[in-house]
Every structure is written in structure tokens, then in C-alpha cells.
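Asker: Test case, fold it:
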Amino acid sequence: MRSLIGIYDEVRKLSTPGPSGPSFTFSITTIGASETFTLPLLSGGSYNFIASWGDGEPTSHITAYNVDNSHIYATAGTYTITMSGVCTQFAFNNTGTSRSRVKELIEFVDDMGFTIFNCYGCDNLTTVSGTMGNLKSLTTAINMFAYCTHLTTIGAGALDGCTSVSDFSYLFGQCNALTSIPADLLKYCVAATNFSYAFWVCTALTSLPDDLFRYCPSATGFIATFANSGLISLPVDLFRYNTGIGNFSYIFYGCTYLTSLPVDLFRYNTSVVNFAYAFTYCAALNNLTSDLFQYNPGVTSFDHIFAYCSSLTSLPVDLFKYTPNVTAIHSGFSNCTALASLPDDLFRYLTLITTFEYEFANCYALTSLPNNLFRYNISVSTFENTFEFCTSLTSLPADLFQYNTGAYNFYRTFYACYALVSLPVDLFRYVSIGCNFQQTFMYCVALASLPDDLFRYNTSTAAFFLTFAYCSLLASLSDYLFRYNTSATNFSNTFVGCNKLQLKANIFYADGEQSTRFLNKSVNFGSCFYRVSFTGTQGTAPDLWNCDFGTGTPTPTDCFIGAGNSATSLDNYASIPTAWGGPA
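Answerer: Residues are numbered from 1 along each chain as shown. Predicted structure coming up:
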């Protein structure tokens with residue numbers, strides 16, 4: 001005997017009550033002999049009903065979710081099942097044995113962080129016709145039609161019996177053949193409070209009725225309601241009657257066909273605090289209005305709000321004008337690959353922001369930055385990965401970080417900015433004296449030179465690990481580049497792969513400071529100047545081996561190793577000890 005892969009053709013209401021109360025009827029089709037069908041009852045429900053199996057065999061009196069709830073059909077065919085009595089929890093997503101899609105679902109669900117349920121059956125349910133009027137004993141509609149992947153049509157008034165149901169989460173989740181929603185679908189669901197994931201991955205659903213949630217004024221749960229659906233447009237009054245909504249996170253995540261947003265879409269949702277991931281992966285979205293969030297003054301999070309919106313080319317200057325309470329906008333525009341410019345005062349009103357981590361990462365079309373981009377964000381502490389892989393960015397304004405005096409984290413801020421050719425001398429002058437500059441300019445392959453006092457004011461910085469690694473066109477360094485960074489103890493791989501770099505004797509100290517610069521410090525110089533080839537002008541290696549480290553212990557391993565370090569590239573190469581990577 002093998003379990004039935006639930007194949008449901010119709011769910012409809014019977015007009016005549018059954019032997020122990022109202023009846024609920026639907027049909028199934030078995031595909032072989034001696035197949036078992038199990039009613040999709042949930043462990044938390046209350047049950048006292050008669051099940052007529054439709055094959056002439058005796059009925060079953062069911063009082064528990066897992067007792068007498070299965071039936072064996074001797075031959076293949078279509079059978080009408082009638083349930084008469086009390087059944088408080090019934091969900092197709094709780095039954096079926098279609099396990100072949102489990103791996104596919106797990107791969108997709110892990111990427112988004114969503115929950116996987118125990119069952120993926122009911123694949124061939126095609127129509128919900130009639131109504132649920134005779135299931136008025138239902139207490140929840142969670143997962144009721146979830147994963148019914150062949151469901152295409154919902155009849156008018158289909159949920160008219162759900163007047164007491166509050167939770168409709170995952171109601172039609174993964175119904176990826178569903179093409180439309182009747183205007184009165186939720187007309188009688190007056191107790192509804194939660195529609196989270198209700199139409200999640202309804203990929204064939206392109207539009208919504210204007211008054212879909214009109215009769216559900218108490219509904220506040222809208223997390224990922226339409227995530228990964230096929231919506232092309234949105235009605236302006238979609239959420240007009242749901243004034244208590246506080247969280248719109250993931251609401252339209254992955255709606256890849258959505259091209260624009262109505263200006264008053266969130267006009268009546270004045271209690272919203274969270275828009276995190278709301279439009280992430282809306283790849284066709286190409287226009288935003290200044291007033292989109294005009295009526296949402298309480299918002300605190302815009303994390304990933306427009307990440308991966310790869311059709312956005314520009315942003316309105318007042319996009320965040322009305323949301324002064326925002327504290328989080330992590331990755332807000334990351335991977336907006338067509339975004340070519342930014343307005344000067346984009347973040348002017350977000351004075352509470354503390355991080356711009358990954359904010360514009362992978363914005364490949366961004367060529368320049370406005371002077372005052374971060375002028376009003378005085379509480380920011382981290383610019384980690386902010387412009388990572390902005391491969392068209394050619395220059396930086398001198399005052400980019402002038403007002404961010406508390407900023408200390410510049411980890412990979414300009415990582416792989418391939419077109420960046422120079423740096424302003426005062427780029428880091430006003431920020432914290434102790435910054436993280438690890439990998440900050442790594443793979444900036446067009447960077448040709450560095451200004452004299454680039455790090456002069458960052459005297460407490462501890463590490464320059466991989467800071468300029470693989471800057472293959474970096475040809476010259478200023479004298480005293482690291483002279484004032486007396487707290488730095490990690491110069492590991494700082495210039496690894498800089499095959500054109502002309503070294504200077506005074507990178508770390510002035511003449512005569514070898515006895516004091518690193519006194520009593522344990523400093524890591526491992527692979528600091530490692531390179532496999534050399535194409536530049538001969539220079540002089542800093543004589544680190546002559547420095548007095550006192551009680552400290554230097555790490556010289558491979559400091560000057562590689563075929564790119566030789567008498568051709570360094571005029572004092574013969575003086576470098578073997579321990580520091582010099583000639584054997």
C-alpha cells in the first residue's frame with residue numbers, strides 16, 4: 001500500500017446538512033488500486049463529525065485528528081467525500097506525500113529564511129468553487145490551500161464561512177497556478193488579523209482587487225503576504241482599511257514584474273514601523289515617488305528596502321523626508337545595478353542612522369557621489385562594504401565623511417571599485433582616530449597613487465590588513481604613509497599583489513626613527529609586500545629588519561617574498577634578510 005498523493009478536483013459546499021451537522025464536500029481522484037486517503041486534520045483541532053467516503057463503504061465517526069481519519073479505496077477513480085459535524089482545523093497543506101519537490105523547496109526557502117511545513121501534497125486541486133459556509137466551526141485557516149500548485153480559480157464567496165477565523169497565514173501560499181482573486185474573497189472574514197504569507201509564491205497572480213482587505217479592519221499581520229508573487233501592478237487602496245498595520249516587512253519581496261508603486265499605497269498605514277525587505281528583488285521597479293512614505297513617520301527600519309531593484313536608475317531626493325525615526329537602512333540599495341546617480345540630500349532626514357553597511361554594494365552603474373551624501377548622518381559608526389563592487393565609481397568627494405566623526409569601520413568600503421583612480425587627501429581626516437581599514441581598497445585595480453597624509457589622523461588604527469591588496473596599477477606611495485599610525489600592529493598582506501608599486505624607505509618612519517617606531521611592539525608584516533611579478537620603477541624597501549622591537553616580536557614571514565621582489569624592483573634587495581623574504 002502506498003499513500004495517496006493528494007489530487008483534489010473540487011472543494012464545494014453542500015446545501016444539505018449531514019447526519020451530525022453541516023456538511024463540507026470535496027472530491028478526490030485516486031490513481032491506483034488500494035490507495036489510502038487521509039483527511040488533512042490538524043492535531044490542535046476539535047472533531048466530532050461523520051465522514052462519508054463516497055465509495056459505498058461504511059462511514060467513519062471521527063473524534064480525533066488521527067483516529068479513523070484514513071480510508072482505503074479499492075480501485076482507482078473519483079470519489080466525493082462528505083464531512084458532517086464539527087471540524088475546527090482543516091488544511092490541505094497538512095497531508096499528501098508528494099516528496100519529490102522537497103529539495104527544491106528547501107533550497108528556495110533557506111535563501112529567504114522562511115519555514116518549511118511537513119507536507120507538500122494536494123498538487124492537483126484546480127478549483128475552489130462554492131463556499132465554506134458549512135465549515136463555520138473552523139478556528140484557523142492557516143495553510144488551508146497551501147502548496148495546491150494546480151489551483152487556478154477561487155469561486156466568489158468561497159470563504160464565507162470563516163467569520164470567526166483570525167489567522168489566514170499561508171492561506172494560498174505556493175499556489176503558483178492561481179491567476180486571480182475574487183473581489184469578495186474576504187468579505188465575511190471580519191475577524192481576520194493575520195495574512196502573513198497568504199499569497200506567497202503565487203507566481204501567476206498578476207493583479208489584486210481594490211477592496212481585497214476592506215472587510216478585515218483588524219488585520220495587522222502582513223509579513224510577506226505577496227512575496228514572490230507575479231504582481232504587475234497594485235491598487236492604490238489595497239491597505240486603506242488596515243490602519244493598524246505595524247509591519248510590512250517582505251510584503252512585496254521578489255515581485256519581479258512590479259514596475260511602479262501608487263503614491264498613496266501606504267497613506268492610511270500611519271502605524272507602520274518596519275519596511276525591511278519590502279521591495280527587495282523587485283527587479284522591474286523603475287520609478288519611485290517622493291511621497292511614497294509621506295504618511296509613515298514612525299518607520300524605524302528600511303533594511304534592504306530596495307535591494308536588488310536592478311531597474312532603478314535614480315532616486316527622488318525627498319524619498320526619506322517624512323521618516324526621521326529610521327535607525328536601520330542596512331543594504332537599502334545594494335545590487336541596484338542600474339542606479340547611476342544619487343541626490344545630494346538623500347539621507348538628510350535620517351539623522352538617527354548608525355550604519356550604512358552594504359548600502360550601495362554592487363551598484364555597478366554608480367559613477368560619482370554627491371559631496372553631502374552623509375552630511376547629516378552624524379551618528380554613523382560603520383561604512384562596512386558601503387560601496388563594495390561599485391565598479392564604475394571613478395572618484396570620491398574630499399568631504400565624503402567630513403561629518404561622520406564617530407565612524408570607525410571602513411572594512412571593504414571601496415572593495416573592488418575597479419575604476420577608482422585616485423583618493424582625496426582628507427578622505428579620513430575627520431573620522432575616528434581608530435578605524436578598521438582592512439581590505440578598504442582591495443582590488444581597486446585602477447588606483448595609481450596615494451596622497452601623503454591619507455591616514456595621518458587615524459593614529460589609533462590597529463590594522464591595515466589587505467588594505468591595498470591587488471591594486472595592480474598602484475605605482476607610488478607617499479613618504480610617511482603609515483608614520484603616524486603608531487598603534488597599528490597588523491600590516492599583513494597590506495600591498496600583496498601590487499606588482500607595479502615602487503617602494504619607499506620612509507613608508508613607516510622617517511630617517512632615524514627605526515629605533516623608536518616599533519619599540520616594544522609585536523607587529524605582523526607577513527606577506528606585506530608579496531608579489532609574483534614587477535612592472536614598475538625600482539624603489540627602496542623600508543629596512544624593517546633594522547628596527548628595534550624591544551620586548552616585542554615582529555612577524556616577518558614572506559614580507560618581501562615573491563618573484564616581484566628582486567634587485568630589479570628594490571635597490572637594497574641584497575640587504576633583506578632571508579627571514580624577511582630576502583635572497584637565500
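
Asker: Low-confidence bits of this structure, can you list those?
Answerer: For the chain, applying pLDDT under 70 flags the ranges 1-29, 92-138, 157-158, 584.

Asker: what domains does the record give for it?
Answerer: 8-88, 242-326, 340-448, 462-584 (automatic domain parsing).

Asker: Dump these to a markdown table, plus mean neighbour count and distance to Thr203.
Answerer: For every residue, glycine as well, the C-beta is placed using N, CA and C. What follows is these, written out as a markdown table (neighbours: other CB atoms under 10 Å; distance: least, CB to CB, whole Å):
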| stretch | mean neighbour count | distance to Thr203 |
| --- | --- | --- |
| domain 8-88 | 17 | 20 |
| domain 242-326 | 20 | 9 |
| domain 340-448 | 20 | 25 |
| domain 462-584 | 19 | 42 |
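
Asker: Redo those domains as TSV? Include distance to Leu454.
Answerer: Putting the domains of the chain into TSV (distance: least, CB to CB, whole Å) gives the following:
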stretch	distance to Leu454
domain 8-88	63
domain 242-326	30
domain 340-448	6
domain 462-584	7
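
Asker: Lys321 contacts Phe347, correct?
Answerer: No - using CB atoms under 8 Å, Lys321 is not in contact with Phe347; the gap is 10.5 Å.

Asker: So Leu159 is in contact with Val190, correct?
Answerer: No - between Leu159 and Val190 there is no contact under CB under 8 Å: 11.1 Å.

Asker: For the two, indicate the residue with more neighbours.
Answerer: Between Leu159 and Val190, counted using other CB atoms under 10 Å, the more crowded position is Leu159 (27 against 16).

Asker: which residues in this structure form strands?
Answerer: 8-13, 23-29, 35-38, 47-52, 60-62, 70-73, 78-87, 127-128, 153-154 (DSSP state E).

Asker: Can you check the distance spanned by stretch 187-195, start to finish?
Answerer: When the termini of stretch 187-195 are compared using CA to CA, to the nearest Å, they are 14 Å apart.

Asker: Go through that stretch and flag the buried ones.
Answerer: In terms of neighbour count (16 or more other CB atoms under 10 Å), stretch 187-195 has its buried residues at 187-190, 192-195.

Asker: List of residues touching it?
Answerer: 157, 159-169, 171, 186, 213, 215-216, 218-222, 225 (CB atoms under 8 Å, 6 or more residues apart in numbering).

Asker: How far off centre is it?
Answerer: The chain centre lies 29 Å from the centre of stretch 187-195; the measure is CA atoms, centre = their mean, to the nearest Å.

Asker: before we move on, the earlier item: out of the domains of the chain, which gets nearest to Val236?
Answerer: Closest to Val236 of the domains of the chain is domain 242-326 (CB to CB; 3.9 Å).

Asker: Endpoints of the closest one, how far apart?
Answerer: 22 Å.

Asker: ok so, going back, list just the nearest of the buried residues of stretch 187-195 to Cys363.
Answerer: For the buried residues of stretch 187-195, the closest approach to Cys363 (CB to CB) belongs to Phe195, at 33.4 Å.

Asker: quick one: the closest one and Phe279, what's the gap?
Answerer: Remark: distance between Phe195 and Phe279 (CB to CB, to the nearest Å) = 18 Å.

Asker: What sits closest to Asp426 if chain neighbours are left out?
Answerer: Ala398 (5.3 Å; CB to CB, 6 or more residues apart in numbering).

Asker: give the contact list for the one you found.
Answerer: Residues near Ala398 by CB under 8 Å, 6+ apart: 424-427.

Asker: Can you pick out the most distant pair from these?
Answerer: Val425 and Leu427 (7.2 Å).

Asker: Residues that sit against both of these two, list them.
Answerer: Contact criterion CB under 8 Å, 6+ apart; residues shared by Val425 and Leu427: 398, 454.

Asker: Pull the most distant pair out of the buried residues of stretch 187-195.
Answerer: Farthest apart among these by CB to CB are Lys187 and Asn194. That separation is 17.5 Å.

Asker: Contacts only, for Arg429.
Answerer: 402, 453, 456-457.

Asker: So how do I select the buried members of those in PyMOL?
Answerer: In PyMOL, a selection of the buried entries from these looks like this (16+ other CB under 10 Å):
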select buried, resi 402+453+456+457
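
Asker: can you redo the contacts of Arg429 as JSON lines with distance to Ala475?
Answerer: Shown next, in JSON lines, are these (distance: CB to CB, whole Å):
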{"residue": "Gln402", "distance to Ala475": "28"}
{"residue": "Asp453", "distance to Ala475": "19"}
{"residue": "Arg456", "distance to Ala475": "21"}
{"residue": "Tyr457", "distance to Ala475": "25"}
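
Asker: Of the contacts of Arg429, which is the nearest to Ser368?
Answerer: Nearest member of the contacts of Arg429 to Ser368, counting by CB to CB, is Gln402, at 16.8 Å.

Asker: give the contact list for the residue lying closest to the closest one once chain neighbours are set aside.
Answerer: Excluding its sequence neighbours, the residue lying closest to Gln402 (CB to CB, 6+ apart) is Tyr430, at 4.9 Å. Tyr430 makes contact with 401-405, 457, according to CB under 8 Å, 6+ apart.
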